[in-house]
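> Build me a model from this:
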Amino acid sequence: MTNNQIGIGIDATYYYTISWDGIDEYTEGSVTFTSPDERDAVQNIQHYLDYYKDRDAYLSNFAVEGDGYSKNLLTDELKNKLGR
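Presented below is the predicted three-dimensional model:
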């Protein structure tokens, strides 16, 4: 199984979006990133939450997709683990 294969043996990409609110549409925003595996994604999520902390950033999306497979990974357990 390669790095980017999930437990069911398909190639997958992990997508996550870091967002922040603003006082209007000019100051709110988000950025979406990809990672080849879940461990890398979670480490990067923490990095980007720290990087954008002055904007009160939060994780607004976390999912895995590949070969007709898609799953939402944004759970309360993950949010608690990240402390956000």
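> now residue 13: how far from residue 35?
Note on residue 13: its distance to residue 35, by C-beta to C-beta, to the nearest Å, is 8 Å. Placement of C-beta: from N, CA and C, glycine included.
> Which one of these two is surrounded by more residues?
residue 35 (20 against 14; other C-beta atoms under 10 Å).
> Now do the longest helix seen in the chain: distance to the chain's middle.
When the chain is parsed with DSSP state H, its longest helix is helix 38-51. Relative to its parent chain, helix 38-51 has a centroid offset of 7 Å by C-alpha atoms, centre = their mean, to the nearest Å.
> name the helices or strands packed onto that helix?
strand 13-20, strand 29-35, strand 58-66, helix 76-82 (3 or more C-beta pairs under 8 Å, 6 or more residues apart in numbering; DSSP states H and E).
> Buried residues of it, list them for me.
Going by neighbour count (16 or more other C-beta atoms under 10 Å), the buried part of helix 38-51 is 38, 41-42, 44-45, 48-49.
> so which of those residues comes closest to residue 31?
Distance to residue 31 across those (C-beta to C-beta) is lowest for residue 48, with 7.4 Å.
> Now do the same contact list for the nearest residue to the closest one once chain neighbours are set aside.
Once flanking residues are discounted, residue 48 sits nearest to residue 18: 4.7 Å by C-beta to C-beta, 6 or more residues apart in numbering. For residue 18, the contacting residues are 30-33, 45, 48-49, 52, 57-60, by C-beta atoms under 8 Å, 6 or more residues apart in numbering.
> returning to that earlier point: just put the buried residues of helix 38-51 in JSON lines and tack on pLDDT.
Converted to JSON lines, these look like this (pLDDT from 0 to 100):
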{"residue": "38", "pLDDT": "90"}
{"residue": "41", "pLDDT": "94"}
{"residue": "42", "pLDDT": "93"}
{"residue": "44", "pLDDT": "96"}
{"residue": "45", "pLDDT": "96"}
{"residue": "48", "pLDDT": "96"}
{"residue": "49", "pLDDT": "95"}
